[in-house]
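Chemist: No sequence on hand, only this structure:
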């Protein structure tokens, strides 16, 4: 029998045990407050797809209505590491947020080179907000050996993409303010994780 928990603390440590066959696509565990009637239906009356549609991801929420727990691990992308502007300007840089702007074609910033395992799949996730301008928000994963592209992703909102490192043992990221339209644009990226 499963009993709903009551938690009254500022700090919670959870240990989650997964079955060996489980594939963890996104290292986050959403927490929702639900009534007992609803709770009893989860994965009994509601299949996995129903649960996911009723209780969507809550990435980055910091309030009691949408708490999320992230799995321990190291994030390759360090929001506070030195970034090299390539004709783009860093407007704001915090541990979870990056705001950049540019005026002209192909304006982006370049991350440092990060060590990775060769021929390994990595998952890149972020929140993208088009603060101003018409171009799509773009993050490009580049080979550490020669800066040529491994993968490029465009999109607004919550993004999660998987790429393979191939023979590379280092990668870097190009994060774009502008990619095709030569007008002043500002883009906001939050919670970049890889």
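Modeler: Cool, got the structure. Just so we're clear, the structure is a prediction, and the values are computed from it rather than from any experiment. Residues are numbered from 1 along each chain as shown.

Chemist: just for the chain, where's the confidence low?
Modeler: Along the chain, the model assigns pLDDT under 70 to residues 1-33, 55-74, 78-82.

Chemist: Break it down into its structural domains.
Modeler: 1-73, 84-193 (automatic domain parsing).

Chemist: roughly how far is stretch 161-180 from the heart of the chain?
Modeler: Distance, stretch centre to chain centre, for stretch 161-180: 14 Å (CA atoms, centre = their mean, to the nearest Å).

Chemist: Sort out which residues of that stretch are buried, please.
Modeler: 161, 163, 165, 168-169, 171-179 (16 or more other CB atoms under 10 Å). Heads up, the C-betas are built off the backbone N, CA and C, glycines and all.

Chemist: Just name the closest of those residues to residue 49, please.
Modeler: residue 161 (21.4 Å; CB to CB).

Chemist: And that closest one, which helix or strand is it part of?
Modeler: strand 157-164 (DSSP states H and E).

Chemist: burial of residue 92, as a residue count?
Modeler: 11 (other CB atoms under 10 Å).

Chemist: hey, what's the nearest residue to it once chain neighbours are set aside bridged with?
Modeler: Nearest residue to residue 92, sequence neighbours excluded (CB to CB, 6 or more residues apart in numbering): residue 99, at 4.0 Å. As for beta bridges, residue 99 partners with residue 92, residue 188 under DSSP bridges.
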